[in-house]
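# just coords:
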């Protein structure tokens, strides 16, 4: 081309750039700010490159260095597993207060209808908050919901209606539970099956439900994972995706879904929560991302003398980099559409990484982690909590201290900075409420509330000393499951899933006291040196725990009411296997547990029931690395002992045991 035409091309480029800037300016929203919460899944405190992680994750690292951004190094998930933390983001309250104690297994609405009783008295949520502001907000939820059934008539089908719409959101585009991070819905129709990318697993995993909407083989029961959105004209008030989802779910489906939502707002304010599936099991990287990681283009190389990355590690690191791409896509869209400067963005994950490491929470052993294990833990799960003790499910730091970033250039003045002030997922709603100058409705104003506004931190002020607690599956002071309480820099920790006091180098089931200002790795127990502080924080925990029980009984009215709950019977130690049971395949048991524990076989579960006074039946639920047991075990199964033998449809592989 001639010189003139080259100049013209340059002028056209400059004009296009100017036009883009003008369009962004024209689309500037009203003075009302917008709110975005980005949530990852099963990612450790040290998994991203800004915290020395293996995956390059360049967009997130760049974001932490961008003016108006705060890297929150003392950020915590409100629970130590999936559903509990998701509840805390919405309500600003500990999850037990709103009847969420654990998780459920249901892959898709066509295969099962969850009976998950989240917030049965309609606890006020962040969606309700922006609606109450009367400033033309539209709220949107996308990704993994894991808080109940989408059907608006779930009760007629044996479930409980508990969708994003019933908890304050205007719109949603979501999966009901866990879903693969690649070709998410490929097992919902036979003609889509050839698109399936199973990664290192080699086949479907983490399936939950009965039947399959696509028919029989090669499709397996409970292995359809599809996206749903609200549609008043469709059956059950929802409709689902009728074409195959892309290989890169995070960027090409969920981030794209947010971009489409944002562009439709046309400058009006919004509140959105985008809950990315990356990188919960089954985590799957695209072939392209795996190759780039393996060639060290997007991943740090293994340490000299270390073995090459396994296929599972490559999938995990590729999955992290795809999450990073999705975050970059959303940030770019906020800037292009004129929202970025006046949008408060929170970024975190729902808990620490899989899989647990006994006997004392170290994936490498002992207080001193051997070189090379910080980012390649001695665990069947590749995620890294770095120097932190514990992982997902644990009340030690690695179970709930997670990546955290808050960005809001309109408020966070000056260059990017790092904060070591404690913040927890419950604080999101509290912060939104302060920003919008609104309060909870009159009938809930005296309900307990755990969140505290993060605005002082965003403004560069010193926040007040605060407290918060963690309990795993039951709202009890139970060393087997673990409980913890943080007040200021002091932390109480007692027991937990990775604690085995019979094998650990210290009695991890007794109360421990750690100074978080100097010991985030929980290496130096100060309980004996600071008995008065230990006694005080134990009292704080007791007051808080009693408050949680009161919320369950008198605010959310959880069923059954917890009261001061009686201790369950101890599960028989090393139960003897027995075949003297009727075994009913693919069945589970109704009713509350009188005891539960981990066993190796259905015969051991039968033996446990026969050895337990008052046991009328039991159900055995196999586990694997893809779906660990409540205590993190990846072999054998969980045995639930019941007073009566009353069966229901169970997850694949479940067996009901009736003693003969």
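In hand now; what should we look at? The model shown is predicted, which means the values in this text are computed figures rather than measured ones. Numbers count the residues shown, from 1 in each chain.

# Scan the helices and strands of this structure for the one with the lowest mean pLDDT.
Least confident helix or strand of the chain, by mean pLDDT, DSSP states H and E, is helix 3-26 with a mean of 39.

# Run the chain-centre distance for the next helix or strand along the chain from that one.
Per DSSP states H and E, the first helix or strand lying C-terminal to helix 3-26 is strand 34-40. Chain-centre distance of strand 34-40: 13 Å, with Cα atoms, centre = their mean, to the nearest Å.

# Give the other helices and strands that strand 34-40 contacts.
If you count contacts as 3 or more Cβ pairs under 8 Å, 6 or more residues apart in numbering; DSSP states H and E, strand 34-40 packs onto helix 82-91, helix 126-132, strand 270-275, helix 311-336, strand 343-349, helix 427-436. Backbone N, C-alpha and C define where each C-beta goes, glycine included.

# Can you point out the buried residues in the last one?
Spelled out, that is helix 427-436. By 16 or more other Cβ atoms under 10 Å, the buried positions in helix 427-436 come out as 427, 428, 429, 430, 431, 432, 433, 435, 436.

# on contacts alone, who are the packing partners of whichever helix or strand comes after that helix?
Using DSSP H and E, the helix or strand that follows helix 427-436 towards the C-terminus is helix 455-458. Here helix 455-458 is seen to pack against helix 427-436 when contacts are counted using 3+ Cβ pairs under 8 Å, 6+ apart.

# mind listing the helices for the chain?
For the chain, the helices defined by DSSP state H cover 3-26, 58-64, 82-91, 126-132, 249, 256-265, 287-294, 311-336, 427-436, 455-458, 531-554, 602-610.

# Please report how far residue 591 lies from residue 615.
11 Å (Cβ to Cβ, to the nearest Å).

# Pass me the low-pLDDT residue ranges in this structure, would you?
Within the chain, the stretches with pLDDT under 70 are 1-30, 365-374, 560-568, 625-626.

# Run through the residues that contact residue 36.
For residue 36, the contact set (Cβ atoms under 8 Å, 6 or more residues apart in numbering) comprises 270, 271, 272, 273, 274, 330, 334, 343, 344, 345, 346.

# Test my guess that the last one contacts residue 403.
So the one you mean is residue 346. No. Using Cβ atoms under 8 Å, residue 346 makes no contact with residue 403, being 11.1 Å away.

# Switch the helices of the chain over to CSV; also include distance to residue 182.
Output for the helices of the chain, formatted as CSV (distance: least, Cβ to Cβ, whole Å):
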stretch, distance to residue 182
helix 3-26, 32
helix 58-64, 19
helix 82-91, 19
helix 126-132, 30
helix 249, 6
helix 256-265, 15
helix 287-294, 10
helix 311-336, 8
helix 427-436, 29
helix 455-458, 36
helix 531-554, 38
helix 602-610, 33
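
# so of the ones you listed, which one's packed in deepest?
Most buried of those, by mean neighbour count (mean count of other Cβ atoms under 10 Å): helix 249, with a mean of 30.

# how near is residue 147 to residue 123?
12 Å.

# out of these two, which sits in the busier spot?
Remark: of residue 147 and residue 123, residue 147 carries more neighbours, 29 against 25, as counted by other Cβ atoms under 10 Å.

# How about that one: what's its closest non-neighbour residue?
Excluding the flanking residues, the one nearest residue 147 by Cβ to Cβ, 6 or more residues apart in numbering is residue 118, at 4.7 Å.

# ok, now how distant is that neighbour from residue 95?
To residue 95, residue 118 is 9 Å away according to Cβ to Cβ.

# and if you look at residue 518?
Look at residue 518 and residue 95: by Cβ to Cβ, they are 30 Å apart.

# Could you do residue 191 as well?
For residue 191 relative to residue 95 (Cβ to Cβ), the value is 40 Å.

# Pick out whichever of these two has more residues nearby.
Remark: of residue 191 and residue 95, residue 95 carries more neighbours, 30 against 9, as counted by other Cβ under 10 Å.
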